[in-house]
Each structure stands twice: as structure tokens, then as C-alpha cells.
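Asker: sequence first, predicted coordinates after that:
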Amino acid sequence: MPAFLRTVIERRGDARTIVLAKHETFPCLSAYDPAYAALKHQKIERLLEKNEQQADAQLAYQQSNLMAFAISEEVPYDSTGRILLPTMMRRKGGIAEHALFLGVGETFQIWNPTTLLEDDRIPEDLKDVCRYRLEERGLA
């Protein structure tokens, strides 16, 4: 199924919600089920423990927590897996008219296709996938 049309969400619980957050590195959104948030917090805690001797470790820890949890929103999805992207999340992810969903392990990313194509850090093979999805939809 083309990435623009539908994404399948694997649930770890009974809630029909996902968490949307601004991605830490890329100009897109990161999305995951609410149970993954606890794993994300554990990862941030481990990073603090690893770097606690550094002068700015506590500040980095607080910033990571703010980015991970304060700039996030839990949104419902329906039985077909459709979600409505809230306005704030659309802005934070630079999502305009179209969105490209990319599975990345336990999470997925939601990109503005134009932004992905313009990002020098994105491998050319992935850009080819994006171009193909745009062509499928008659958008290229």
C-alpha cells in the first residue's frame, strides 16, 4: 500500500492513540504508540547516567525531556489507521498539503515530501522512494 495512503500502526496496548512529536534530528514528526514513550524516557535517563560527569549533562537531560514530551501530542486514530494531524504538529513537522509516512523500527516519521527531497542528509535511495510515491499520486 502506498505510504501516502495508509500506514499500519502496531499497538502495544488497547488505546487507539499515537503520540506525535517533533523529531530530534530531522525536520519532520516522529510518531509512536503511548507505551513507547516510557522506553523513550528510559533512553534519556540512560544518556544522563552516561554523561552525568559533563558540566552540561543536567541541562541536556532537561532539554531532551522537554523536546520528547512537552512538544508532543497524543492523537486518536480510527479503525482504518487514519489520523488527523493537529495544527501545532503540522507546523512543527512542516507538513503542508501532503505527508509521507516512513517506518523506522519501533516508530515512524511523517515528512513533508518536499522537505525530505531537499534535505542533504537523506540518502538518495530514500528520495527515490519519495519521488515514486509522488508519481503514484500524480503529484510529480
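Answerer: That came in fine, so what should we check first? Numbering: from 1, shown residues only.
Asker: check the gap between residue 48 and residue 117 for me.
Answerer: 36 Å (Cβ to Cβ, to the nearest Å). Quick note: C-beta positions are derived from backbone N, CA and C, even for glycine.
Asker: surely residue 115 touches residue 98?
Answerer: No - here residue 115 lies out of contact with residue 98, judged by Cβ atoms under 8 Å, at a distance of 10.6 Å.
Asker: the two: who's more crowded?
Answerer: For residue 115 versus residue 98, the count of surrounding residues by other Cβ atoms under 10 Å is larger for residue 115: 18 against 14.
Asker: just the pLDDT for residue 11.
Answerer: In this model, residue 11 is scored at 47, pLDDT.
Asker: actually, residue 105.
Answerer: You'll see residue 105 listed with a pLDDT of 87.
Asker: burial check on it, number of neighbours?
Answerer: Neighbour tally, residue 105, other Cβ under 10 Å: 6.
Asker: if I look at it, how far off is residue 32?
Answerer: The span separating residue 105 from residue 32 equals 10 Å under the rule Cβ to Cβ.
Asker: residue 130 now?
Answerer: Distance of residue 130 to residue 32, given as Cβ to Cβ: 21 Å.
Asker: pLDDT of stretch 54-65, averaged?
Answerer: Mean pLDDT, computed over stretch 54-65, is 85.
Asker: ah, wrong one, I meant stretch 79-91
Answerer: Stretch 79-91 shows an average pLDDT of 91 in the prediction.
Asker: from the chain's centroid, how far away is the lengthiest helix in the chain?
Answerer: In the chain, taking DSSP state H as the definition, the longest helix is helix 34-51. With Cα atoms, centre = their mean, to the nearest Å as the basis, the distance from the averaged C-alpha position of helix 34-51 to the chain average is 17 Å.
Asker: all good on my end, thank you.
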